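Peer 1: fold the following and give me the result.
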Amino acid sequence: MSSPEQRVPINLTAAAERLPWSEVGQALCVHGASEGSVLEICGLDRAGGGHANDGLTDAVYVIASGYGALRWGDTALECTAGDVLFVPNGRPHCFERLDGEIKIWRISAVPGPAIAGPQN
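Peer 2: Now for the predicted structure:
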């Protein structure tokens with residue numbers, strides 16, 4: 001992960017363009033250490049199949065392209081390219097009603113040990 005000390009940002013769009021989106025989730029997962037947590041940035045490779053999240057951590061979703069709906073409980077929020085969605089922990093949720101391919105980045109901080117050195 002890029003940090004102010006490194007002064008080299010990671011461009012997620014450019015990184016994802018090198019691979020079919022179905023492979024991004026496996027090949028590109030950025031981790032960065034913080035005090036007692038690890039920041040994860042991952043491409044969701046199964047969003048088209050109704051990606052589900054257990055709601056154990058806060059999650060930010062960035063819709064890179066496509067259209068769908070984020071559902072938690074009885075609430076459905078339509079989303080499209082350019083939208084940024086925040087789901088607090090404690091809310092199990094999933095994406096559904098997806099038309100065609102949708103590309104979604106998930107950003108979350110999960111409890112974990114510090115990671116030594118820069119991670120990409």
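Peer 1: what residues of the strand ranked longest in the chain count as buried?
Peer 2: Determined from DSSP state E, the single longest strand within the chain is strand 93-111. Within strand 93-111, the residues that count as buried by 16 or more other Cβ atoms under 10 Å are 93, 95-96, 98, 102-109. (C-beta placed from N, C-alpha, C; glycine too.)
Peer 1: which two of those residues have the greatest separation?
Peer 2: Spanning the widest gap among these are 98 and 109, at 26.0 Å by Cβ to Cβ.
Peer 1: following the worst-scoring helix or strand of the chain on mean pLDDT, which helix or strand comes up?
Peer 2: Across the helices and strands of the chain, the lowest-confidence element by mean pLDDT, DSSP states H and E is strand 29-34, at a mean of 65. Note on strand 29-34: by DSSP states H and E, the next helix or strand toward the C-terminus is strand 37-43.
Peer 1: walk me through which strands that next one pairs with, and which way each runs.
Peer 2: strand 29-34 (antiparallel), strand 93-111 (antiparallel) (DSSP bridges).
Peer 1: pull stretch 80-90 out as CSV, backbone CA atoms only.
Peer 2: Taking C-alpha atoms only, stretch 80-90 is exported to CSV below (Å, rounded to 0.1, in the frame of the first residue of the first chain):
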residue,chain,number,x,y,z
THR,A,80,-23.8,2.6,-10.3
ALA,A,81,-20.3,3.5,-11.5
GLY,A,82,-18.8,6.3,-9.4
ASP,A,83,-20.8,5.6,-6.3
VAL,A,84,-19.1,5.1,-2.9
LEU,A,85,-21.1,3.2,-0.3
PHE,A,86,-20.4,2.8,3.4
VAL,A,87,-21.8,-0.1,5.4
PRO,A,88,-21.0,-0.1,9.2
ASN,A,89,-20.2,-3.3,11.0
GLY,A,90,-23.1,-5.3,12.3
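Peer 1: no further queries at this time; thank you.
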